[in-house]
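*Asks:* requesting a structural model of the entry that follows:
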Amino acid sequence: MDVDHPESDQRWNAAARSETEAERLDRNWSNLLQELRVTQTGVQLLTGFLLTLPFQNRFTTLSSELRAVYLATVICSLAATVLLVAPVGMHRLLFRRHKLRPLVAIAHRFAFCGLLLLGAALTGVAIVVFGTVLGEDAGVLAGIVTAAVMLAAWVAFPLWMRRLDS
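*Replies:* Purely as a prediction, here's the structure:
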């Protein structure tokens, strides 16, 4: 039994979609690539933006706390970029090697971890920007709100939707 797709899912796919396991893997890979296309551009732009900030004049006015948040944000953004782009490199190395099942499974995990790191980076950006413009208390509040909204939209709501199907 495939861990990522319980037996009941496999039966449903075979009955409802009339697709083989290979067709399901192709569809899952295609869907994953579409999702990655959406996130890759955003995370790459965010990372590029973050990497330019230390070269701005006002950067030197950041408190040591906001600089620490900034560095943690850069680390999260860089790691998200690596994880969200990695499936492309993996595919190139595994192309024509009949490794679609493990590729889809690991790319799924990389994408999920990349999204979580992107959420952490966006939270850090909110803290740094609001902290710089309105003060550190406003930055912390903005970070909390950003994290809560992302966790609700990206994790809690989809998990709730999963339970409706159970």
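*Asks:* which residue packs closest to the one residue sitting closest to the centre of the chain, ignoring adjacent ones?
*Replies:* In the chain, the residue lying closest to the centroid (CA atoms, centre = their mean) is Leu115, at 1.3 Å. Distance criterion CB to CB, 6 or more residues apart in numbering; nearest residue to Leu115, sequence neighbours excluded, is Trp154 at 6.3 Å. All C-beta spots, glycine's among them, are computed from the backbone N, C-alpha and C.
*Asks:* burial count for that neighbour?
*Replies:* 15 (other CB atoms under 10 Å).
*Asks:* pretty sure it sits against Leu117.
*Replies:* No. Trp154 lies out of contact with Leu117 (CB atoms under 8 Å); the separation is 11.8 Å.
*Asks:* from the chain's centroid, how far away is the helix or strand Leu117 falls within?
*Replies:* Element membership for Leu117, per DSSP states H and E: helix 100-134. How far helix 100-134 lies from its chain's middle: 4 Å, per CA atoms, centre = their mean, to the nearest Å.
*Asks:* likewise for stretch 150-158?
*Replies:* In terms of CA atoms, centre = their mean, the centre of stretch 150-158 is found 12 Å from the chain centre.
*Asks:* can you check stretch 51-58 too?
*Replies:* Counting by CA atoms, centre = their mean, stretch 51-58 comes out at 25 Å from the chain centroid.
*Asks:* residues in contact with it: which ones?
*Replies:* For stretch 51-58, the external contacting residues (CB atoms under 8 Å, 6 or more residues apart in numbering) are 59, 70, 74, 132.
*Asks:* count of neighbours near the first one?
*Replies:* Right, the one you point to is Phe59. Applying other CB under 10 Å, we find 15 residues neighbouring Phe59.
*Asks:* how near is it to Ser30?
*Replies:* Here Phe59 is placed at a distance of 42 Å from Ser30 (CB to CB, to the nearest Å).
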